[in-house]
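Visitor: Okay, structure incoming, though there's no sequence with it:
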């Protein structure tokens, strides 16, 4: 039985809850089940009459999230229909559920914030990280592009110029650059990050929940991605059975350079 999970831990006396992402030994890479759990948590919050005042989103074992669980990819990535279902019916709805949450979300980022991790962080309202954190979507190394809905969500947060750079160069950026370019709210020393996140969360929890709720709704109304039409998105996944897609993933799993 897998130890991978996403759990919303109990709210403390200040009204702060913690959403903990855990996949031991895989830097909290997101499995299919974890994406579904993420959506379920935030769907449930929509119907919670006494929700937390703030939610801290963090990974276990001093990592945030290092993307999706690549070991699962052969199950669904090589057929356009199953690949589209993964992104359109599992990943995108989970991210939209986060965006639709009226509770302020504070990302506590340690270590890797890559791929799906960057997408989750982008759905948070504030992002605090340590100096050694790393950010990016280096998936071109694996032979595949970013899914349309995920591009739209992340580009609204980090900006299209930076996202183009990260996707085209397929590189990672450090915490200092991420802060300089507006991806993170602030960079905090490793030994002070825990306390600073808790301080920020407690401060927000002491403010008006109604104001927080209405602020987030107005911000959503102005920033809501205008998702492309389903038929346009479906064509995107035709790369599923391409040679480059298969080679990129095979090379990663076999720990060798890809030959595109």
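Guide: Received it, and whenever you're ready, just let me know what you need. From a predicted model like this one, the values you see are computed outputs, not experimental measurements.
Visitor: from here on, contacts and neighbour counts on C-alpha atoms
Guide: Fine.
Visitor: helices and strands of this protein: which one has the lowest mean pLDDT?
Guide: Sorting the helices and strands of the chain by mean pLDDT, DSSP states H and E puts helix 230-236 at the bottom, at a mean of 71.
Visitor: Number of residues surrounding residue 143?
Guide: Using other CA atoms under 10 Å, residue 143 is surrounded by 23 other residues.
Visitor: The helix or strand hosting residue 155 - what's its average pLDDT?
Guide: Assigned by DSSP states H and E, residue 155 belongs to helix 148-158. Here helix 148-158 scores 90 as its mean pLDDT.
Visitor: Let's verify the spatially closest residue to residue 18 that is not a sequence neighbour: helix, strand, or coil?
Guide: Once flanking residues are discounted, residue 18 sits nearest to residue 56: 4.7 Å by CA to CA, 6 or more residues apart in numbering. Assigned with DSSP: H, G, I helix; E, B strand; the rest coil, residue 56 falls in the strand class.
Visitor: State the distance from residue 56 to residue 103.
Guide: 10 Å (CA to CA, to the nearest Å).
Visitor: I'd like the distance between the spatially most central residue of the chain and residue 181.
Guide: Residue closest to the mean C-alpha point of the chain, counted by CA atoms, centre = their mean, is residue 120 at 1.9 Å. With the distance defined as CA to CA, residue 120 ends up 18 Å from residue 181.
Visitor: cool, and residue 192?
Guide: 22 Å.
Visitor: These two - which one has more neighbours?
Guide: Under the neighbour definition other CA under 10 Å, residue 192 and residue 181 were set side by side, and residue 181 has more, 13 against 10.
Visitor: Show me the helices in this protein, by range?
Guide: Counting by DSSP state H, residue ranges of the helices within the chain are 32-45, 80-85, 92-99, 116-122, 148-158, 160-169, 175-180, 190-205, 209-223, 230-236, 243-253.
Visitor: Now do the same contact list for residue 20.
Guide: 6, 7, 8, 9, 57, 58, 59, 60 (CA atoms under 8 Å, 6 or more residues apart in numbering).
Visitor: quick one: which of these has the most company?
Guide: Tallying neighbours with other CA under 10 Å puts residue 59 at the head of those, with 27 neighbours.
Visitor: If I look at it, what pLDDT would I see?
Guide: Listed pLDDT for residue 59 reads 98.
Visitor: That one against residue 21, yeah?
Guide: Yes: between residue 59 and residue 21 there is a contact under CA atoms under 8 Å: 4.5 Å.
Visitor: For those two, list the residues in contact with both.
Guide: Counting by CA under 8 Å, 6+ apart, the shared contacts of residue 59 and residue 21 are 28, 65.
Visitor: Would you mark the buried spots in the helix holding residue 155?
Guide: 148, 149, 150, 151, 152, 153, 154, 155, 157, 158 (16 or more other CA atoms under 10 Å).
Visitor: Off-centre distance for stretch 66-85?
Guide: 17 Å (CA atoms, centre = their mean, to the nearest Å).
Visitor: my bad, should have said stretch 114-123
Guide: Counting by CA atoms, centre = their mean, stretch 114-123 comes out at 2 Å from the chain centroid.
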